[in-house]
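Q: Here is a sequence with its predicted model. Questions after.
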Amino acid sequence: MSELPRDPVAEEPAVGVIGGSGLYEIDGISDIEEVVLSTPFGDPSDAFVVGRLDGVRMVFLPRHGRGHRINPSEINYRANIWGMKRLGVTRILAIGAVGSLREEIPPGDFVAVDQFIDRTRHRADTFFEGGVVAHVMFGDPVCSSVRASLRDAAKEAGVTVHDGGTYVCMEGPQFSTRAESNMYRGLGAHVIGMTNLQEAKLAREAEICYATLAMSTDFDCWHEGHDDVTVDAILEVMAKNVGHAREAVRIAAPRVAGLPPCGCHTALQTAILTAPDAISDAARLRLGLLLERPLGGAE
């Protein structure tokens with residue numbers, strides 16, 4: 001296990017993967033090491049696992065920590081994304097379990113999410129505060145190119161993948177009430193989860209492409225023909241599908257690594273409103289990594 005200093009930026013671009021701790025148990029991963037990072041925003045969920053897959057530098061992070069010990073509201077999303085940026089990640093593949101809000105998305109299916117609805121209340125979800133203001137565009141909250149690559153990879157991995165869908169990000173850690181579940185259905189949402197929206201927001205601020213593959217594990221509590229969601233039921237579906245998720249990542253990683261730069265890599269170019277001479281030294285130190293020219297960004 002190694003620990004990197006905070007100042008230099010990794011010189012080689014990498015593909016990041018955020019999900020469960022089993023995702024980096026992929027055949028072909030080599031040169032594996034664990035990297036512990038300190039960040040201006042506190043500690044990440046766990047050590048980052050860095051390795052190589054088919055020549056592509058990879059950085060893995062279990063969002064809940066190994067052993068699933070951090071609840072969705074306790075995850076330090078800022079430290080996690082800052083750490084990815086620090087390690088040279090330019091594109092993130094996120095995998096997460098969700099409840100289905102649609103009959104046509106049964107447990108076991110995957111959704112290549114393209115929109116979000118925010119129902120969280122207690123989470124830090126921006127780097128830009130404390131004297132620096134930035135407003136990034138977020139109308140299209142996931143990178144279309146990375147999303148398409150992840151969608152196609154999941155199809156090749158042998159699962160049913162729904163092309164597009166709206167993810168409701170709720171606070172948790174409790175599951176929905178029946179009234180809430182039906183309200184979200186009425187809003188046109190397709191799946192419900194507790195984690196991915198903050199990652200998407202912060203990745204955009206960090207000028208990192210982000211896409212998520214949502215794994216349906218249950219029908220939430222709206223479906224009268226099915227039992228209400230239980231942890232045991234979720235774990236059973238996840239156990240059956242973790243191999244498919246690993247295979248999707250294995251297929252997608254070299255493809256997204258070869259994508260050309262896109263607008264995600266210049267998201268801050270016109271987003272920062274604060275005058276340069278009004279930014280304090282402390283804020284410059286805290287945000288210096290994000291204000292540098294992004295690795296792999298457009299010329």
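A: Yes, it's here. Numbers count the residues shown, from 1 in each chain.
Q: For residue 191, list each beta-bridge partner.
A: Per DSSP bridges, the residues bridged to residue 191 are residue 100, residue 167.
Q: Tell me who's in contact with it.
A: 98-102, 105, 111, 113, 165-168, 214, 216 (Cβ atoms under 8 Å, 6 or more residues apart in numbering). All C-beta atoms are positioned from the backbone trio N, CA, C, and that covers glycine.
Q: Specify the beta-bridge partners of residue 110.
A: Judged by DSSP bridges, the bridge partners of residue 110 are residue 161, residue 215.
Q: Hmm, residue 213 and it touching each other?
A: Yes. Here residue 110 lies in contact with residue 213, judged by Cβ atoms under 8 Å, at a distance of 5.5 Å.
Q: Give me the common contacts of these two.
A: With Cβ under 8 Å, 6+ apart as the test, residue 110 and residue 213 both reach 154, 161, 248.
Q: What residues sit buried inside whichever strand or helix holds the first one?
A: With secondary structure defined by DSSP states H and E, residue 154 is part of helix 144-156. Buried residues in helix 144-156, defined by neighbour count with 16 or more other Cβ atoms under 10 Å: 145, 146, 147, 148, 149, 150, 151, 152, 153, 154, 155.
Q: could you measure the closest residue to the fourth one other than its chain neighbours against residue 165, distance?
A: What sits nearest to residue 148 in space, not counting adjacent residues and going by Cβ to Cβ, 6 or more residues apart in numbering, is residue 112, at 7.8 Å. From residue 112 across to residue 165, the span is 7 Å (Cβ to Cβ, to the nearest Å).
Q: Quick check: neighbours shared by those two?
A: residue 214.
Q: which residues of the stretch 101-250 of the chain score low on pLDDT?
A: 225-231, 234, 237-238 (pLDDT under 70).
Q: What strands flank whichever strand or helix holds residue 57, and is each parallel or antiparallel?
A: Using DSSP H and E, residue 57 falls within strand 56-62. If you go by DSSP bridges, strand 56-62 pairs up with strand 14-19 (parallel), strand 48-53 (antiparallel).
Q: avg pLDDT for the last one?
A: The one in question is strand 48-53. Strand 48-53 shows a mean pLDDT of 95.
Q: Strand partners (parallel or antiparallel) of the strand or helix carrying residue 31?
A: Assigned by DSSP H and E, residue 31 belongs to strand 30-36. Paired strands of strand 30-36, with direction, are strand 2-3 (parallel), strand 48-53 (antiparallel) (DSSP bridges).
Q: returning to what we had before: which is the next helix or strand following the strand holding residue 57?
A: Taking DSSP H and E, what comes next after strand 56-62 is helix 77-86.
Q: what comes into contact with the strand holding residue 57?
A: 12-21, 23-24, 29, 44-46, 48-52, 68, 80, 83-84, 87-89, 253-254, 257.
Q: hmm, 6 Å instead?
A: With Cβ atoms under 6 Å, 6 or more residues apart in numbering as the test, strand 56-62 has contacts from 12, 14-18, 21, 24, 46, 48-51, 80, 87, 89, 253-254, 257.
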